[in-house]
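Chemist: Give the three-dimensional model of this entry:
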Amino acid sequence: MPDQPAPPRRITAVVVTFNRLGLLQRLLERLDAVAALDEVIVIDNASTDGTSEWLASLDDRDAGDDHRTVPVVAHTLATNSGGAGGFHEGLRLAVERGADLVWLMDDDGLPEPDCLDRLLAETGLDFWGPLVVDEAEPGRLVFPIRLPGGTRVVHELADVARAATDGRIDGIVIPFNGVLVTRELVARIGYPRAEFFIWGDDHEYRLRAEAAGARIATVVDARVHHPAVGSLGTPMMRGRTTYNHSPSDL
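Modeler: Now for the predicted structure:
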């Protein structure tokens, strides 16, 4: 009996947004051109800038022209639950709606057109993502990476490429800026913890994934462009390594 082809994977993007309608519109226009996507779920954290009204207007888009229209499911929360609450709710909805893979991202990132294809080309992973590069200076990382197995922290794209093996760095990923997570891993470790609100939920979720034995990696040729976020990576141990601190007053 000939081998049966593997069933298609349902891939859902989850975008969490709050009062950044212009950036959200830019991102959804990019996602609408990503052929591998089956659906986009937008979690609106009770925005007050017209985001919910604009999302509602997407129901009137014409699906009959030559412009591909990826279905957008908009869910506006009653109160602002922060990024942590947004990703908790978005990942839950994606899984409930049958997603096999969920692509998680904030509203201010912009994946390169082939970002998802490059991520999907990797096999045998549970939780993996792209490099997040400065949109104004694409040769520089927005979020410094501490290379596995030591204290060395890299800030430049070229340094990451040199440290990669077969185009990726295993054991490290930067959630939630364009990362993929499998349905199976979510079943094992659950959802991001909403009570973190805006800081630490991504790190805690990665730690949970590691504790569960997840196969984690960063794919060097997959890129998300992101605005600079200020100074991250405060030197410690006489500059041999760094810790990340929040520039937020909160």
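Chemist: Quick one: the strands in the chain, in order.
Modeler: Under the criterion DSSP state E, strands of the chain are mapped to 11-17, 39-44, 72-76, 101-106, 110-111, 127-134, 140-146, 153-156, 168-170, 179-182, 216-226, 234-236, 241-243.
Chemist: can you put the ones you listed in JSON lines and add mean neighbour count, distance to residue 59 and mean pLDDT?
Modeler: For every residue, glycine as well, the C-beta is placed using N, CA and C. Putting these into JSON lines (neighbours: other CB atoms under 10 Å; distance: least, CB to CB, whole Å; pLDDT from 0 to 100) gives the following:
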{"stretch": "strand 11-17", "mean neighbour count": "25", "distance to residue 59": "17", "mean pLDDT": "98"}
{"stretch": "strand 39-44", "mean neighbour count": "23", "distance to residue 59": "13", "mean pLDDT": "97"}
{"stretch": "strand 72-76", "mean neighbour count": "17", "distance to residue 59": "9", "mean pLDDT": "95"}
{"stretch": "strand 101-106", "mean neighbour count": "25", "distance to residue 59": "22", "mean pLDDT": "98"}
{"stretch": "strand 110-111", "mean neighbour count": "23", "distance to residue 59": "24", "mean pLDDT": "98"}
{"stretch": "strand 127-134", "mean neighbour count": "24", "distance to residue 59": "31", "mean pLDDT": "97"}
{"stretch": "strand 140-146", "mean neighbour count": "19", "distance to residue 59": "34", "mean pLDDT": "91"}
{"stretch": "strand 153-156", "mean neighbour count": "17", "distance to residue 59": "43", "mean pLDDT": "92"}
{"stretch": "strand 168-170", "mean neighbour count": "19", "distance to residue 59": "39", "mean pLDDT": "95"}
{"stretch": "strand 179-182", "mean neighbour count": "24", "distance to residue 59": "28", "mean pLDDT": "98"}
{"stretch": "strand 216-226", "mean neighbour count": "22", "distance to residue 59": "28", "mean pLDDT": "97"}
{"stretch": "strand 234-236", "mean neighbour count": "11", "distance to residue 59": "46", "mean pLDDT": "48"}
{"stretch": "strand 241-243", "mean neighbour count": "15", "distance to residue 59": "45", "mean pLDDT": "44"}
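Chemist: Which residues are in contact with the spatially most central residue of the chain?
Modeler: Nearest to the mean C-alpha position of the chain, counting by CA atoms, centre = their mean, stands residue 178 at 2.5 Å. Applying CB atoms under 8 Å, 6 or more residues apart in numbering to residue 178 gives the contacts 103-105, 109, 111, 115, 119, 129-130, 132, 222, 224.
Chemist: burial count for residue 48?
Modeler: 9 (other CB atoms under 10 Å).
Chemist: OK, contacts around it?
Modeler: residue 19.
Chemist: Find the nearest non-adjacent residue to the residue nearest to the centre of the chain, please.
Modeler: residue 224 (4.1 Å; CB to CB, 6 or more residues apart in numbering).
Chemist: Check the gap between that neighbour and residue 165 for me.
Modeler: From residue 224 across to residue 165, the span is 21 Å (CB to CB, to the nearest Å).
Chemist: Surely residue 91 is in contact with residue 105?
Modeler: No. Judged on CB atoms under 8 Å, residue 91 makes no contact with residue 105 at a distance of 11.9 Å.
Chemist: Which neighbours do these two have in common?
Modeler: With contacts defined as CB under 8 Å, 6+ apart, the residues shared by residue 91 and residue 105 are residue 14.
Chemist: Rebuild the strands of the chain as TSV, extending it with distance to residue 82.
Modeler: Converted to TSV, those look like this (distance: least, CB to CB, whole Å):
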stretch	distance to residue 82
strand 11-17	9
strand 39-44	11
strand 72-76	15
strand 101-106	11
strand 110-111	22
strand 127-134	19
strand 140-146	18
strand 153-156	27
strand 168-170	29
strand 179-182	18
strand 216-226	18
strand 234-236	23
strand 241-243	22
